[in-house]
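S.K.: the following block contains a protein sequence and its predicted model.
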Amino acid sequence: MKFAKQLGLRSIPSWAPYYLDYKSLKHYIKTSFKDFEGPLESLESLDPEDSSDSTETDQEQPGQQQHVVTTSSPAGSDQKSKPKVDYAAREASINIIVEGFKALLWAELEKVNARYEAQERVAGVTMERLNASVGNNLQYMWRANFTSAELKRWRSDLTALILNLEYLLEFSRTNITGFKKIIKKFDKQYRHCRPTAISSSSASSIHGAQESSSSANQGASPGGNGNTDSATLTYYGTATDPEAPGPLAMFNALGIHGRSTPTIYLPSSYPEPASSLHPQEPFVRNVQSPSLHGKQHIFYNNYYGGVSPMSLEFWKMVIEKTFAKSEKDERLLTEARTLWRKRTPVVAEHVSPLLLNVEPKDFPVWDNLDLESLPSGRLTRLWVVLAEDAMSTPIRVPVIVAKGVRPGPVVGLTAALHGNELNGIPLTHRLVLQEIQCQALHGIVVAVPVANVPGYLAQQRGFSDGTDLNRLMPGKKSGTTSQVYSFNLMTRIVRHFTHLIDLHTASKGRVNSLYVRANMQNPTTRHMARLQNPQIIVHNTSPDGSLRGAAMQEYNVPAITVEIGDPSRFQKRFVKSAILGVTNILSHLKMVEDEHEVQDYDPVVCAKSYWIFTKGGGILNVLPDVNTWVRKGELIATLHNIFGQEEHRYFAPEDGIVVGKSVDPVCQSGCRILHLGIVSDRFPEGKMDDGHL
């Protein structure tokens, strides 16, 4: 994946000018090293993280100057004249490139850091003001006897502070990742062009210190057996004088600042790479990591995938900056969320009889969801009538309401709007019944485990008349059965929400990754999508008639669609991941305690996506798996006729990631092949959907 494109999609729009200019630094690296002798691999091909979708190649351009000098062979020699590299000139040129990169890197660091420090300073002052209980300015200090207008203004200021702190944390993390990647790219090109004879000198002192450290440890270790593998390298000059500055001082850049530590420590049991970039330079082993509580780990130096001493010097420039080492933004964010919950007034509890040991058929049946009349601090189960069938029997949907003891947002979770898309059902059950404590909840969570009851009972996607409810919203008060049902779902339930998370899966015959569809141009839904921690995020303004689109258009309710795997089954792994994402959103809204959890991966953000369809019918075989990358021109599917003869081959029209795909081999003309997500450096303007009508 190309980080430059992802940076454009992940950047906070209003903060975009202050981010690392990744493209310019990458361009400098590419153009600076292109003059050197020998075929250079593309920047992406050197980086495993970028290799999957790179199509760039670096070819030598006509007229480029090569850093070589030629000498004629001795008289009488039958060998052909060969060019010899002028290592001194080459080294001088490389040093100029290094200094140029260092200057550009420093300028970018200053720009990012200035923005971070300014925002952090403002946030700190604002937090002190909002948290003060005494002060000279009565307009700003907290008072228990606030008027409703004053309380509204205070909460509005605190909400803005929390959002800015979340932006600040996202800003710092994204830039840390960007600097790490661009230094890694420079390091690989630098080592690729630098002669072994020159680069080996930079590491000789390191290995000399390693040997002396090993010897010292062998002699000093009580009961030691002389095994060099038990040696421990310090981060400073020598084992006998750890505080003395020396050739190992560069390792002091590692493991000091938790959130900016480069990921170059590997477990001591990790297999050693097959070959080093410089074979005469052994790997540095058993480096003790302070951030890993003194555990012995291997630090691999000078090989593709490792980090060179020069890169560590660049990295030290990064971690000395406030945005890379300060954790004040995280602390302020936790304090701000805690302050919100602490100073939210308690709701006057509505007393109602507690229903014990009641059968589902005996739960209350309502014509309209009335959240005000429900008891606070309790869980309520009920039915809401949306239509009637031909026997005059009410068609009712199940609703579970967790109402907190303090005011807050109303978050709605709707599942099974398509009757055979089931993964959202266990998510609502576990979240509302197990994860949420009503006595500690601020606001209300409303779960609709099955939104399309007729479709669910028939184990089909559509309504009883076969129509797709997610293309009929907001429905009609007077219309077909499905239109009336859709209208009542919107007016009797959805209109009470302040935020909506619509839970779906793939449809029959298809499989999905764990992904989110959201309007990434909308700041609120963009943030909800990121908090959900999916594998993929697709920018999608919502198709006409969708529940998500109607909620935003009719009631101004921010909404996202979460696609959780495959149809007609429960997938525990996907459900668990999706629950963590929903909990993150509740935490962001200050409804539950600060419990943000981040996955081990960053979601791929797609500027757009679309389905690829077959031209003919037959037996379809789709090759790539979901959540994998394909290149332009790569074979993605084959179509055979019923006699086993290959009729068509389908190729990827452009680089992209597989969001979902068909697994049904029985294919008619116009069947889906796969859902392709496209990464770009900006979101397109206007309406955007994936065409899956």
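M.R.: Noted; the coordinates are in hand.
S.K.: so, low pLDDT: which residues of the stretch 251-400 of the chain?
M.R.: Confidence mapping of the stretch 251-400 of the chain against pLDDT under 70 gives the ranges 251-308, 347-358.
S.K.: please enumerate the helices of it.
M.R.: Secondary structure of the stretch 251-400 of the chain, counting by DSSP state H, counting those that start in this stretch: helices at 309-319, 322-325, 328-342.
S.K.: of all those, which one comes closest to R526?
M.R.: Ranking the helices of the stretch 251-400 of the chain by proximity to R526 (Cβ to Cβ) places helix 328-342 first, at 18.1 Å. C-beta: built from backbone N, CA, C; applies to glycine.
S.K.: which positions within the closest one qualify as buried?
M.R.: For helix 328-342, the neighbour count (16 or more other Cβ atoms under 10 Å) marks D329, E330, L332, L333, E335, A336, R337, L339, W340, R341 as buried.
S.K.: which of these sits closest to P13?
M.R.: D329 (19.4 Å).
S.K.: contact partners for that closest one?
M.R.: Neighbouring residues of D329 by Cβ atoms under 8 Å, 6 or more residues apart in numbering: E120, A123, L165, L168, L169, S172.
S.K.: could you rerun that using 10 Å?
M.R.: With contact set as Cβ atoms under 10 Å, 6 or more residues apart in numbering, D329 has these partners: 116, 119-120, 123-124, 164-173, 322-323.
S.K.: mind checking how far M127 is from W15?
M.R.: Computed as Cβ to Cβ, to the nearest Å, the M127 to W15 distance reads 20 Å.
S.K.: neighbour count: those two, which is higher?
M.R.: The neighbour count for M127 versus W15, taken as other Cβ atoms under 10 Å, is higher for M127 (20 against 16).
S.K.: tell me the contacts of that one?
M.R.: Going by Cβ under 10 Å, 6+ apart, M127 touches L158, L161, I162, L165, R331, L332, L333, E335, A336, L339.
S.K.: ok, the fourth one - contacts?
M.R.: The reference is to L165. Taking Cβ under 10 Å, 6+ apart, we find L165 in contact with 119-120, 123, 126-127, 328-337.
S.K.: in space, what's closest to it - neighbours in sequence excluded?
M.R.: Using Cβ to Cβ, 6 or more residues apart in numbering and skipping the chain neighbours, the partner closest in space to L165 is L333 (4.2 Å).
S.K.: which residue comes closest to I12 once chain neighbours are left out?
M.R.: Spatially, and ignoring its direct neighbours in sequence, I12 is nearest to Y167 (5.2 Å; Cβ to Cβ, 6+ apart).
S.K.: swap in A447?
M.R.: Excluding the flanking residues, the one nearest A447 by Cβ to Cβ, 6+ apart is T428, at 3.9 Å.
S.K.: now swap in F186 and tell me
M.R.: I29 (5.3 Å).
S.K.: that neighbour - that's part of a strand, no?
M.R.: No: counting by DSSP: H, G, I helix; E, B strand; the rest coil, I29 is not found in a strand; it is helix.
S.K.: OK, contacts around it?
M.R.: Each residue near I29 by Cβ under 10 Å, 6+ apart is listed here: L43, I97, F101, L104, I182, K185, F186, D187, K188, Q189, Y190.
S.K.: quick one: it from T524, how far?
M.R.: Distance from I29 to T524, by Cβ to Cβ: 37 Å.
S.K.: how far away is the nearest residue in space to E166 that is not next to it in sequence from G124?
M.R.: In space, E166 comes closest to L333 once its chain neighbours are excluded; the distance is 6.6 Å by Cβ to Cβ, 6+ apart. Between L333 and G124 the computed distance is 12 Å (Cβ to Cβ).
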